[in-house]
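1. Quick one, what's the 3D model for this:
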Amino acid sequence: MIEIRNVTKSYGPLTILHDVSLNVPDGEIMAIVGPSGAGKTTLLQIAGSLDRPDSGKVIFDGTDIFSLKDKKLSQFRNSNIGFIFQFHQLLPEFSALENVAMPALIAGMKRKEAFANAETLLKKLGLAHRLTHKPAELSGGEKQRAAIARALINNPEVVFADEPTGSLDSRNRKEIQEIISELRLELSQTFVIVTHDRDMASIADRVVEMADGRIVGCEASANVMISKIEKPGLHI
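-> The predicted model follows:
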């Protein structure tokens, strides 16, 4: 689904990514692992269109995303890509329901439908009793579940997650791992996860190892699905 071709990225004299190429298969969980400074987050940001490479391409279902002008790229990102960050990045002045509905509203969905879909997702992720709570009133695990719901609201082709369990305790880390595994199985959702957490990497179908701005290994696990089912919508 996503082809990363010969991507190089530098900040000043420091080269972060050296001619990196990688394919992200549809319907799988891919984990990107490696030491700090390996270039994992930079690769994730470029693959997710949040940053531009100095050279190379990212081809998303046949579209060279960096050939798009900024407005079109923003629309493409909102429609096709979801993001989960280590510290959730929920807007503090809005409720969980409002935070989750926001990407759908930005995409032009009618308010009633956007909030209905957001409520369905939050209930699906065990937050039926937290719909009107603001982020300060949620636990760490609840915030991250709300962030997952927000990432899914526009039924994206792929969800990029940067250390999604990095700020959580062991119980909540396990919970988020299980949620992501279940979403992959139920919705055939594609995930690309940057993580230092080997337990999180263990749920992946494919583990990519990075070091010094290069891919040094890519191993498929026994979790890889032999056959892919058509991805259903979220109106369930």
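2. For the nearest residue to residue 48 once chain neighbours are set aside, give the beta-bridge partners.
-> Of all residues beyond its chain neighbours, the one nearest residue 48 is residue 160 (4.3 Å), with distances taken as Cβ to Cβ, 6 or more residues apart in numbering. Every residue, glycine included, has its C-beta placed from N, CA and C. When assigned by DSSP bridges, residue 160 has beta-bridge partners residue 83, residue 192.
3. Could you check how many residues crowd around residue 160?
-> By other Cβ atoms under 10 Å, the residues close to residue 160 number 27.
4. next one: residue 93
-> Residue neighbour count, defined by other Cβ under 10 Å, stands at 10 for residue 93.
5. which residues does it contact?
-> Residue 93 sits next to residue 134 when contact means Cβ atoms under 8 Å, 6 or more residues apart in numbering.
6. and the nearest residue to residue 28 once chain neighbours are set aside, how far is that from residue 192?
-> Of all residues not flanking residue 28 in the chain, residue 205 sits nearest, at 4.1 Å (Cβ to Cβ, 6+ apart). With distances taken as Cβ to Cβ, to the nearest Å, residue 205 is found 11 Å from residue 192.
7. Could you check which of these two is surrounded by more residues?
-> Neighbour totals were compared for residue 205 and residue 192, and residue 192 leads with 25 against 19 (other Cβ under 10 Å).
8. just checking, residue 207 touches residue 201?
-> Yes - Residue 207 is in contact with residue 201 according to Cβ atoms under 8 Å; the separation is 5.4 Å.
9. what touches both of the two?
-> Common contacts of residue 207 and residue 201 (Cβ under 8 Å, 6+ apart): 31, 33.
10. where in this structure is pLDDT low?
-> 222-236 (pLDDT under 70).
11. let's go with 50 and repeat that
-> 225-236 (pLDDT under 50).
12. That one: helices as residue ranges?
-> 40-47, 70-80, 96-106, 111-124, 140-152, 170-187, 198-201 (DSSP state H).
13. For stretch 155-173, what is the distance to the chain centroid?
-> With Cα atoms, centre = their mean, to the nearest Å as the basis, stretch 155-173 stands 8 Å off its chain's centre.
14. begin at 124 from here
-> Okay, residue one is now 124; in that scheme the one you just asked about reads as stretch 278-296.
15. Need the distance between the two termini of that stretch.
-> The first residue of stretch 278-296 is 24 Å away from its last residue (Cα to Cα, to the nearest Å).
16. what residue lies at the spatial centre of this structure?
-> When Cα atoms, centre = their mean is applied to the chain, the residue found nearest the centroid is residue 283 (2.0 Å).
17. Tell me which residues of stretch 328-338 come out buried.
-> By neighbour count with 16 or more other Cβ atoms under 10 Å, stretch 328-338 contains the buried residues 328, 329, 330, 331, 332, 333, 336, 338.
18. What is the end-to-end distance of stretch 137-157?
-> 18 Å.
19. Buried ones in that stretch, by neighbour count?
-> Of the residues in stretch 137-157, those buried by neighbour count under the rule 16+ other Cβ under 10 Å are 139-140, 143, 145, 147-148, 150-157.
20. next one: stretch 278-292
-> Taking 16+ other Cβ under 10 Å as the neighbour-count basis, stretch 278-292 is seen to contain the buried residues 278-289, 291.
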